[in-house]
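Trainee: Return a 3D structure for these sequence lines:
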Amino acid sequence: MTRPGVVILAIDSATTRVVVAAGTREGALLDAVDWPADHRHGETLLPAIDALLGRLAIERGRLAAIVVGTGPGAFTGLRVGIATAKGIAHALGRPIIGIPTGEALLAGAPDDAVLLLPAGPSDRLVVRRGMSARLVVADEDTGIGSDAQVLALDLPGRAPAAALERGEAARAELGASLLRLGAARLATGDTDDLARLVPDYVTLPRGVRSDAGEVSWSRDRR
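Mentor: This next block holds a predicted model:
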């Protein structure tokens with residue numbers, strides 16, 4: 001039976017499906033849930049967290065740490081997800097660990113695998129393990145070699161079917177990947193400062209400015 005204070009909660013709201021997972025302090029998955037975001041993150045996220053913990057008979061006070069995906073992702077969803085993770089961590093006095101969503105999605109792929117994510121209606125982001133994301137504008141060539149394994153998420157009609165299938169398979173494992181990566185950092189004491197943990201936005205709505213340290217991808221970032 002899981003002991004108090006050794007459960008990790010993982011949250012990711014960077015893609016069109018929100019993911020919430022709970023696991024042991026060693027990073028083993030206990031349970032996970034995901035659902036279409038539909039611009040309703042603020043309404044659905046906390047109830048989903050409570051429902052997941054309820055199924056596992058785990059009170060919030062038994063959480064040891066909060067792991068949250070930091071993107072790249074869309075403004076509203078990513079902001080709600082990270083704010084929720086910070087709120088829980090602050091209320092409980094628990095450590096928070098930010099994991100790049102792209103890193104977690106590539107966790108089970110070959111070292112040279114490439115992830116494609118949408119950046120608005122026509123642009124894309126190219127994400128490689130251990131590197132900063134690169135913006136590809138409209139129909140510009142991605143520069144991905146023919147031998148690289150490509151994963152694509154939320155790009156129907158804008159990426160090969162095989163890449164989309166691999167992307168969905170990676171998203172199905174996103175909760176488990178966040179838990180493993182977060183547990184490895186927690187074990188070494190490598191946690192984030194609550195105030196300085198910031199999202200990696202794909203785009204910001206017109207008139208909204210990034211907070212200090214936040215990244216916003218746009219056509220100006222070529």
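Trainee: Contact partners for Leu116?
Mentor: 124-127, 142, 150-153, 155, 159, 163, 167 (C-beta atoms under 8 Å, 6 or more residues apart in numbering). Any C-beta I mention is one placed from the backbone N, CA and C, and that applies to glycine too.
Trainee: what's the helix or strand for it?
Mentor: Using DSSP states H and E, the element containing Leu116 is strand 114-119.
Trainee: can you check Leu181 too?
Mentor: Assigned by DSSP H and E, Leu181 falls in helix 174-187.
Trainee: Check which helices and strands that helix sits against.
Mentor: strand 7-12, strand 17-24, strand 29-36, strand 63-69, strand 96-99, helix 101-105 (3 or more C-beta pairs under 8 Å, 6 or more residues apart in numbering; DSSP states H and E).
Trainee: now these as CSV including mean pLDDT?
Mentor: Listed next are the helices and strands packed on helix 174-187 as CSV, based on pLDDT from 0 to 100:
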stretch, mean pLDDT
strand 7-12, 98
strand 17-24, 97
strand 29-36, 96
strand 63-69, 97
strand 96-99, 98
helix 101-105, 97
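Trainee: Could I get the CA-only coordinates of the strand holding Leu116 as PDB?
Mentor: Extracted C-alpha coordinates of strand 114-119, given in PDB (Å, rounded to 0.1, in the frame of the first residue of the first chain):
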ATOM      1  CA  VAL A 114      12.000  14.700 -33.900                       C
ATOM      2  CA  LEU A 115       8.700  16.000 -32.600                       C
ATOM      3  CA  LEU A 116       6.500  18.300 -34.600                       C
ATOM      4  CA  LEU A 117       4.000  20.600 -32.700                       C
ATOM      5  CA  PRO A 118       1.600  23.300 -34.100                       C
ATOM      6  CA  ALA A 119       2.500  26.900 -33.700                       C
END
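Trainee: how far off strand 114-119 does whichever helix or strand comes after that strand point, in degrees?
Mentor: Counting by DSSP H and E, the next helix or strand C-terminal to strand 114-119 is strand 123-128. Between strand 123-128 and strand 114-119, the angle comes out at 150 degrees (axes from the mean of the first three to the mean of the last three C-alpha atoms, to 10 degrees).
Trainee: tell me what strand 123-128 is packed against?
Mentor: By 3+ C-beta pairs under 8 Å, 6+ apart, strand 123-128 packs against strand 114-119, strand 134-136.
Trainee: Pull the distance from the last one to the chain's centre.
Mentor: So the one you mean is strand 134-136. Centroid separation between strand 134-136 and its chain, computed with C-alpha atoms, centre = their mean, to the nearest Å, is 19 Å.
Trainee: again with the first one
Mentor: Between the mean C-alpha location of strand 114-119 and the chain-wide mean there is a distance of 13 Å, by C-alpha atoms, centre = their mean.
Trainee: Parallel or antiparallel, which strands does that strand pair with?
Mentor: Under the criterion DSSP bridges, strand 114-119 sits next to strand 123-128 (antiparallel), strand 150-152 (parallel) in its sheet.
Trainee: right, so those: which one is the most enclosed?
Mentor: strand 150-152 (a mean of 24; mean count of other C-beta atoms under 10 Å).
Trainee: Can you spell out which helices and strands pack onto the helix or strand just after it?
Mentor: Sequence order places helix 161-172 as the next helix or strand after strand 150-152, per DSSP H and E. Here helix 161-172 touches helix 101-105, strand 114-119, strand 150-152, going by 3+ C-beta pairs under 8 Å, 6+ apart.
Trainee: same thing but 6 Å
Mentor: For helix 161-172, the packing partners by 3 or more C-beta pairs under 6 Å, 6 or more residues apart in numbering; DSSP states H and E come out as strand 150-152.
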